[in-house]
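J.: Here is a sequence with its predicted model. Questions after.
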Amino acid sequence: MQQYPVIPKEEFIDRQQKVKAFLKENALDLFIAYADDKAVYGPAYARWLFNYAPHFEPCCILIPAEGEAVILTGPESDQFIYATSHCRNVKVINEFSHPGEEYLFAQVTTLESVIGQMRKELDRDISKVGIVGLEMIPHLLYEAMGAIFGPGNMVDIEYQMLKLRAIKSENEIRVIEYAYFIAEKGLQAAIRSIAEGKSEREIAAEAEYTMRRLGSEGMGIDTIVASGVHNTYPVLARTTHRKIGQGDLVLLTIAPRYEGYHGALGMPVILGKPDKAVEEAMTAAIEAQHAAKDALRPGTPGHVVDRAARQVLEKAGLQSHVQYSAIHSVGVIEFEAPILTSAYRDEVQENMVFSIDIPLFSAPWGGLRFENGFHVTKDGARPLQTVQPEIICL
């Protein structure tokens, strides 16, 4: 029987201890993380700290500097958390209850009561709190927090926690490697299924079926199969019923989620002979990715890596089609920090993982991306997939 890579329970406990150490070092009493099931970024901290993937109801993670952590959630999720995560202390709060529903057997409390009980059990005041996921917190919940702690006592610590997540452990790297293996097989299945008269959704179905069979639990972003000028022109695309025709540019973007982590691959494919402008754009994008890969080494400031890719695209006259920063980390979010922009001065470090995503969009011929993943080793950037960026004509 195949042994799938996973993050062991001990690593989740170690992460919680690191959060507690950060609280103590910064004179904070409590860590609060909001999480929900929103695509892309919603589950991040719940998954990273407790291997919990919220579904339907949101949650709040409370980790005191001393004492036991607790997950707060709605009435339909407490047993779900016990069954699927490493948290053994769950409370249902009114702030996450549906106002039009009856929960006859749930023991529902409030955020204020939970904090009061925590203060009593720890025999200490809890007033200074560090918060992550601040921009996602619903207004009513934020108001409740403000009433308990006071706005001046709620500190945004997102940046510090993102730095803590940026260096991947050996277990994380193994899990991410497998996520990229799944992504590669999905990409190959999509390429094999491209044919004249086949719809975008049929091609996406082949990719997703392949990835599910290999262990994907879902997608970090919706699978993108976009074809023709109209559908590939914007950065984002909705896979449609449009049928592929001769001469079409078909853009594939595959991002499976495995054990909470992601692999992300992007590849354009031409059915037939490519237009000269499209071929030139593909050639420049491939060269830009190679340039960024060569620069992606420990000790290199992030903006230098970004510049390496942009110089190639500027030389090709394509800079106006670069719609976003091309190089970002991959982890419990498909597109997470650090993001290597022209303003990013921190140095790349060993055991970071990056997606080098070269985006060229809003062009007269449509748009495309070449996206591949890399693990930063002491010797440079190691590819996380065997497929390499190339011009594919079917």
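T.: Thanks, I have it.

J.: burial count for Lys24?
T.: Lys24: 11 surrounding residues under other Cβ atoms under 10 Å. Any C-beta I mention is one placed from the backbone N, CA and C, and that applies to glycine too.

J.: How much space separates the nearest residue to it once chain neighbours are set aside from Val129?
T.: Spatial nearest neighbour of Lys24, chain neighbours left out: Ala65 (5.3 Å); criterion: Cβ to Cβ, 6 or more residues apart in numbering. Distance from Ala65 to Val129, counting by Cβ to Cβ, to the nearest Å: 10 Å.

J.: shared neighbours of the two, which are they?
T.: Contact criterion Cβ atoms under 8 Å, 6 or more residues apart in numbering; residues shared by Ala65 and Val129: 28-30.

J.: Which single one of these is nearest to Pro383?
T.: Of all the shared contacts of Ala65 and Val129, Pro383 sits closest to Leu28, with 39.7 Å by Cβ to Cβ.

J.: That closest one is in contact with Ile131, isn't it?
T.: No - counting by Cβ atoms under 8 Å, Ile131 is not a contact partner of Leu28; they are 9.8 Å apart.

J.: tell me, what's touching the two both at once?
T.: 155, 157.

J.: quick revisit: doesn't Glu25 make contact with the residue nearest to Lys24?
T.: No - in this structure, Ala65 is not within contact of Glu25 by Cβ under 8 Å, at 9.7 Å.

J.: surely Ala363 meets Met282?
T.: No - counting by Cβ under 8 Å, Ala363 does not reach Met282; the two are 11.5 Å apart.

J.: what about these two, which has more around it?
T.: Legend: neighbour count by other Cβ under 10 Å for Ala363 and Met282, higher for Met282 (22 against 17).

J.: can you give me the helices in the stretch 151-300 of the chain?
T.: All helices of the stretch 151-300 of the chain, identified by DSSP state H, counting those that start in this stretch, fall at 158-166, 170-193, 200-213, 228-232, 276-295.

J.: and those as a markdown table, adding mean pLDDT?
T.: Listed next are the helices of the stretch 151-300 of the chain as a markdown table, based on pLDDT from 0 to 100:
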| stretch | mean pLDDT |
| --- | --- |
| helix 158-166 | 96 |
| helix 170-193 | 98 |
| helix 200-213 | 98 |
| helix 228-232 | 97 |
| helix 276-295 | 98 |
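
J.: of all those helices, which lies closest to Tyr82?
T.: Nearest to Tyr82, of all these, is helix 170-193, at 23.2 Å by Cβ to Cβ.

J.: ok, now which ones touch the residue of the chain most remote from its centre?
T.: Of all residues in the chain, Asp123 has its C-alpha farthest from the mean position, at 38.3 Å, by Cα atoms, centre = their mean. If you count contacts by Cβ under 8 Å, 6+ apart, Asp123 has none.

J.: ok, now how distant is it from Ala179?
T.: Taking Cβ to Cβ, one finds Asp123 at 44 Å from Ala179.

J.: Geometric centre of this structure: which residue is closest?
T.: Most central in the chain (Cα atoms, centre = their mean) works out to Ile333, at 1.4 Å.
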